[in-house]
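>>> Let's see this in three dimensions:
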Amino acid sequence: MAAATQTKRAAKQEGTIADVFTTLGPGAEVAALPARFAQLKKDVLIDMGATHASIVQAWKQVLAALEGRTKEIVSLGGEVIPRVSFTDIERGLSNTQKDAIKKSGVVVVTGAVPKEEALEWKASVKQYIAANPVKGFPANDIQVYELYNTKPQIAARTHPAILRTQQELLQLWHDPSNKHVSFSTPISYFDRLRIRTPGDRSFTLGPHIDGGSVERWEDPTFRRVFRRILAGGAGWKSHDPFDVSWRMDAKQDLYGAPGQCSVLRCWQGWISLSTTGVGEGTLRVLPMLSLATAYIMLRPFFRPGLAGGEWELDLESSSFPGSVPGKGQELNEETHPHLRLGETMTSIPEIQPGDQVYWHCDTVHSVETLHDGQKDSSVFYIPAVPLSMKNASYIRDQRANFVHGLPAPDFPGGSGESTFTGRATTQDITTSRGRQALGLEPFVSRGAENNELVDAANRVLFG
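Alright, predicted model coming up:
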């Protein structure tokens, strides 16, 4: 491996997960956006070739579609969330399974990691926490730890079954060029861990989408991900959330805030370290990916009519509901009423240690307000991230931070685990696939179509 060097990107300020969300901060009051955002609305419509009539048409069609889909979700409850086994993953998902995952934007994968192994990871990380001066949120009773470099996290990220699961789910995405992204090559994007204790009400993470907020409209490349929606008319029906064309170069972190994702992260995800059921502090999702995305992207262009009348076009105000620069995109029943979030946010049905959950990077998700169970609700956050040039540059810098025991580059900075006892080292990863995922060993081309990408990524990582 090339000699480790310090990260080539500026370190973020020290902090916690609370810095990313207004709902975890000291107050939920949000200041009005500057006047330039009113002009941004007009600029977006011009850029996308939309007319007033076409954007109104799209809005009305989306609202009509939401009436049916929200009722369906409320009726089905947890059954609306696709569930597959690791055996399904190994033999390849069926078209029916793929369609269900694409429609909902979420999937539960059972049986990849043995229950005993997952429980051993949790026991080990608890020992690490007890032995070191850890930080997290909230400071007086930590539920989400600012830990990135523990041995159990590294073991999970490089576990063959987890990498195989990610490889299969990444295949649901496509790169029309067949050159810029390798979906058969998952890489490791370090993230935190949660050990939520019974009775906790502090980790009240409301409905949101990660990976920026106003950037979806403000960044010219990012908004092109949603170009068919923003063009108006019936274009929203052909929006493809699994097309990577514009997303790979989108700028999701225009404001350089700690905790904002800067890579192409196709699936967010976690592996469970506990038996956790509904009402026990688990994940909640809005299982309607494309339709919800269409509504969210159109929402800033409309406001309620007078006296509760029909919603009307709004190109004069600077309002982008739930969007705060430097934060994630947040939603609630007031800002996004047609989603009926109080009824449609659906808790993940009971999962066991070793089960995985993945949700599309545009999927609205939250955490149950109260952990009303008897045991901890614990996960390692492990997303599914493919090899690309942008991502290769990131894991080069992540690798340097890992060697020095520092937080991953996208996350709150500081000294991290640099002085901690028992943190992971590069010697803890012994498989080639695992070492490649962390940028510790050169990638190997597995087909002529990605030779150029693999060669370029290896040059970034090893010179």
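
>>> what's the closest non-adjacent residue to Ile129?
Tyr145 (6.9 Å; CB to CB, 6 or more residues apart in numbering). The C-beta positions use only the backbone N, C-alpha and C, and glycine is treated the same way.

>>> Low-confidence ranges, the stretch 201-350 of the chain, go.
Counting by pLDDT under 70, the stretch 201-350 of the chain shows no low-confidence range.

>>> all helices of it, in order?
Here the stretch 201-350 of the chain has its helices, by DSSP state H, counting those that start in this stretch, at 215-218, 220-224, 227-230, 289-298, 341-344.

>>> Does the second one pack against any helices or strands, and if so which?
When you say that, I think you mean helix 220-224. Other helices and strands packing on helix 220-224, by 3 or more CB pairs under 8 Å, 6 or more residues apart in numbering; DSSP states H and E, are helix 36-48, helix 215-218.

>>> What helices and strands are in contact with the last one?
Identification of packing neighbours for helix 215-218 by 3+ CB pairs under 8 Å, 6+ apart yields helix 36-48, helix 220-224.

>>> Now tabulate the ones you listed in a markdown table and tack on distance to Val367.
Below are the helices and strands packed on helix 215-218 laid out as a markdown table (distance: least, CB to CB, whole Å):
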| stretch | distance to Val367 |
| --- | --- |
| helix 36-48 | 29 |
| helix 220-224 | 25 |
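
>>> Nearest to Leu119 among the helices and strands packed on helix 220-224 would be which one?
Closest approach to Leu119 among the helices and strands packed on helix 220-224 (CB to CB): helix 215-218, 38.9 Å.

>>> From the chain's centre, how far out is the closest one? Work that out for me.
17 Å (CA atoms, centre = their mean, to the nearest Å).

>>> List of residues touching that helix?
40-41, 44, 222-223, 225-226, 250-254, 297, 300, 320, 323, 329 (CB atoms under 8 Å, 6 or more residues apart in numbering).

>>> now these: which count as buried?
Buried members of the contacts of helix 215-218, scored by 16 or more other CB atoms under 10 Å, are 40-41, 44, 222-223, 225-226, 250, 252-254, 297, 300, 320, 323, 329.

>>> Out of those, which two sit at the greatest distance?
Pairwise distances across the buried ones among the contacts of helix 215-218 (CB to CB) peak at 21.7 Å, for the pair Lys41 and Asp253.

>>> if we can go back for a sec, so which of the helices and strands packed on helix 215-218 gets nearest Phe203?
Proximity to Phe203 (CB to CB) singles out helix 220-224 among the helices and strands packed on helix 215-218, at 28.3 Å.

>>> Can you show me the CA trace of the closest one as CSV?
What follows is helix 220-224, C-alpha atoms only, in CSV (Å, rounded to 0.1, in the frame of the first residue of the first chain):
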residue,chain,number,x,y,z
PRO,A,220,-27.2,22.8,-11.3
THR,A,221,-25.9,19.2,-11.6
PHE,A,222,-27.9,17.9,-8.6
ARG,A,223,-31.2,19.3,-9.9
ARG,A,224,-30.7,17.5,-13.1
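
>>> quick check: longest helix of this protein.
The residue-count maximum for a helix in the chain (DSSP state H) belongs to helix 52-76.

>>> Please name the strands paired to whichever helix or strand comes after it in the sheet, noting orientation.
Using DSSP states H and E, the helix or strand that follows helix 52-76 in sequence is strand 83-85. Here strand 83-85 has these sheet partners by DSSP bridges: strand 106-110 (parallel).

>>> So which residue of this structure lies furthest out from the middle?
What lies farthest from the middle of the chain is Ala307; by CA atoms, centre = their mean that is 37.7 Å.

>>> Tell me how far it lies from Glu316.
Distance, Ala307 to Glu316, by CB to CB, to the nearest Å: 19 Å.

>>> Name the residues of the longest helix of the chain that come out as buried.
For helix 52-76, by 16+ other CB under 10 Å, it's 54-59, 61-62, 65-66, 69-70, 73.

>>> Quick one: those residues as a markdown table, columns for distance to Leu273 and pLDDT too.
Converted to a markdown table, the buried residues of helix 52-76 look like this (distance: CB to CB, whole Å; pLDDT from 0 to 100):
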| residue | distance to Leu273 | pLDDT |
| --- | --- | --- |
| Ser54 | 48 | 98 |
| Ile55 | 46 | 98 |
| Val56 | 48 | 98 |
| Gln57 | 48 | 98 |
| Ala58 | 43 | 98 |
| Trp59 | 43 | 98 |
| Gln61 | 43 | 98 |
| Val62 | 39 | 98 |
| Ala65 | 38 | 98 |
| Leu66 | 36 | 98 |
| Arg69 | 33 | 97 |
| Thr70 | 33 | 97 |
| Ile73 | 28 | 97 |
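
>>> Spatially central residue for the protein, please.
Geometric centre of the chain, nearest residue: Gln268, 3.7 Å, by CA atoms, centre = their mean.

>>> what number of residues lie near the nearest residue to that residue once chain neighbours are set aside?
Distances taken as CB to CB, 6+ apart place Pro383 nearest to Gln268, at 4.8 Å, with adjacent residues excluded. For Pro383, the tally of surrounding residues (other CB atoms under 10 Å) stands at 23.

>>> Stretch 429-443: end-to-end distance?
Stretch 429-443 has an end-to-end distance of 15 Å (CA to CA, to the nearest Å).

>>> Could I get the contacting residues of Trp236?
So Trp236 contacts 58, 61-62, 228-229, 290, 294, 298 (CB under 8 Å, 6+ apart).

>>> ugh, wrong one, I meant Ser318
Each residue near Ser318 by CB under 8 Å, 6+ apart is listed here: 32-38.

>>> farthest pair in those?
Taking CB to CB, the two most distant members of the contacts of Ser318 are Ala32 and Arg36; they sit 11.9 Å apart.

>>> For Cys361, see how far away Ile162 is.
Ile162 sits 18 Å away from Cys361, going by CB to CB.

>>> Thank you kindly, that will do.
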